[in-house]
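[1] Return atomic coordinates for the entry below.
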Amino acid sequence: MLGMAVVEEMSEDAVLDTAAALASAVQRAEVGLLRAAYRWAGLHDPARTLDPGVAVLPGREKARQYGGEGTAPVSEFAAAELGVRIGRTTHAAASLIADAQDLHHRHPVLWARVVAGEVRSSYARFVVTKTRELTALEAAWVDAEVAESADGRIPWTRFEALVVGKVATAAPELAREKEERARRATFAKIVGRPEHGMASFLIRASERVNFSV
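    As a prediction, the model looks like this:
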């Protein structure tokens, strides 16, 4: 591990070389973490780890589908245990497992580029999150359509728009359903950071409402 004193003595070239090496190490570690999460899911196959007669009882561990269509179910407590060991929440660990499963089984082109170091895991994980509700065939089509552009050759906002557009093309009915749900959604949330006891609210309601604070 680099100490501050060592870094402070580096030349400009040395700093850049070190930063590049560290960035590559981080990228490799992220790929390794996805591999580990996938293996962890395989080790927690409900068919081997759960007793069907016990799993049906209230409060007992059950099988859970983390990834999208075509991925294997996993014992539901697997995410909590993984999260503890890697210093993340159960939700974050569950997302890691789901993303790892989807990349292996639903996005082979993208996963190959991630393993080769050509695509950052953050780009790949964004894609699999957006395609989780798609069928395996629909996800594979999106995979082939966006994998080439996932290496950072286009700005992030353009990549987001590309993925969203391809998902909508692959599953137009699902896209319409989501759009309709979003249109009908009602909510109230704080906008910005409250200061001096004052806050701004963003409210979406289906009809006129009266409220007081």
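[2] What residues of the helix or strand hosting residue 146 count as buried?
    Using DSSP states H and E, the secondary-structure element containing residue 146 is helix 136-146. For helix 136-146, a neighbour-count test (16 or more other CB atoms under 10 Å) marks 138-143, 145-146 as buried. Glycine gets a C-beta too; all of them are placed from N, C-alpha and C.
[3] Next SSE downstream of that helix?
    Heading C-terminal from helix 136-146, the first helix or strand you meet, by DSSP H and E, is helix 156-170.
[4] Can you give me the distance of residue 23 to residue 64?
    Taking CB to CB, to the nearest Å as the measure, residue 23 and residue 64 are separated by 34 Å.
[5] Looking at these two, which has the bigger crowd around it?
    Neighbours around residue 23 and residue 64, counted as other CB atoms under 10 Å, are more numerous at residue 64. The numbers are 17 against 10.
[6] isn't that one right up against residue 76?
    Yes - in this structure, residue 64 sits in contact with residue 76. The criterion is CB atoms under 8 Å, and the distance is 4.0 Å.
[7] Check for me that residue 59 belongs to a helix.
    No - under DSSP: H, G, I helix; E, B strand; the rest coil, residue 59 sits outside any helix and is assigned coil.
[8] Now it: phi and psi?
    phi 80, psi 0 (degrees, to the nearest 10).
[9] try the one 4 residues further on
    Here is the backbone geometry of residue 63 (degrees, to the nearest 10): phi -80, psi 150.
[10] contacting residues for it?
    For residue 63, the contacting residues are 46, 50, 55, 73-76, by CB atoms under 8 Å, 6 or more residues apart in numbering.
[11] bridging residues for it?
    Assessed by DSSP bridges, residue 63 has beta-bridge partners residue 75.
[12] That one and residue 88, how far apart?
    22 Å.
[13] okay, the nearest residue to residue 70 once chain neighbours are set aside: pLDDT?
    Distance criterion CB to CB, 6 or more residues apart in numbering; nearest residue to residue 70, sequence neighbours excluded, is residue 136 at 3.9 Å. According to the predicted model, the pLDDT of residue 136 comes to 98.
[14] What of residue 3?
    Note for residue 3: predicted pLDDT of 68.
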